[in-house]
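Q: Need coordinates for the following:
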Amino acid sequence: MLLAIAAVVTHCLGVMLGILVVPQFQYWDAASIFGFCVMGYVFAFGAVYKSVSLDILLGLINRPEQRAPLSDIVERQVPALFQGRIGNLVDGGLVEPVDSHFAATAAGRATAGRVGRLRRAFGIGDTSLYDFSD
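A: Presented below is the predicted three-dimensional model:
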């Protein structure tokens, strides 16, 4: 939500600045450049934010020997990464701890339903990276 608000505010300010500074300001030309830059940022941000693969790679690079056995990665680094993800879901109110398990909340079920509909609408299926089955 914060990124969307920032994009709208930045767009509005950019348009106002363009109108004031550029004598022959062309809105659609400027809007297309702005849209391209926003999409580039969104794709780059999405590629590195909370990327499990990138975190594993960075964990390897930050070790003095810059390598680790698979068992060390699986036993030490991966659980911490997924605990962080679960923490985000709990903090967002999408899941809740129930005994030794986690259960989706009403908000989580609603979000999962919207994501499922979007996946079907855009024809996103199993990419062999994740299981998208319903």
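Q: what's the neighbour count on residue 94?
A: The tally of other residues near residue 94 (other Cβ atoms under 10 Å) stands at 19. Where C-beta positions appear, they are placed from N, C-alpha and C, glycine not excepted.
Q: Check the one 3 residues further on too.
A: Under the neighbour criterion other Cβ under 10 Å, residue 97 is assigned a count of 10.
Q: I'd say it and residue 89 touch.
A: No - counting by Cβ atoms under 8 Å, no contact exists between residue 97 and residue 89, whose distance comes to 10.4 Å.
Q: Please report how far the nearest residue to residue 94 once chain neighbours are set aside lies from residue 97.
A: For residue 94, the nearest residue in space outside its immediate sequence neighbours is residue 108; the separation is 3.6 Å by Cβ to Cβ, 6 or more residues apart in numbering. Between residue 108 and residue 97 the distance is 13 Å, computed by Cβ to Cβ, to the nearest Å.
Q: and the residue lying farthest from the centre of the chain, what is it in contact with?
A: Of all residues in the chain, the one whose C-alpha sits farthest from the chain's mean C-alpha position, using Cα atoms, centre = their mean, is residue 23 at 38.6 Å. Neighbouring residues of residue 23 by Cβ atoms under 8 Å, 6 or more residues apart in numbering: there are none.
Q: any idea which element the residue nearest to residue 94 lies in?
A: According to DSSP states H and E, residue 108 maps onto helix 106-121.
Q: pLDDT on that helix, on average?
A: Mean per-residue pLDDT for helix 106-121: 91.
Q: Can you tell me how far the most centrally placed residue in the chain is from residue 11?
A: Note on the chain: the residue nearest the mean C-alpha position is residue 46, at 4.4 Å, using Cα atoms, centre = their mean. Shown here: residue 46 relative to residue 11, a distance of 20 Å by Cβ to Cβ.
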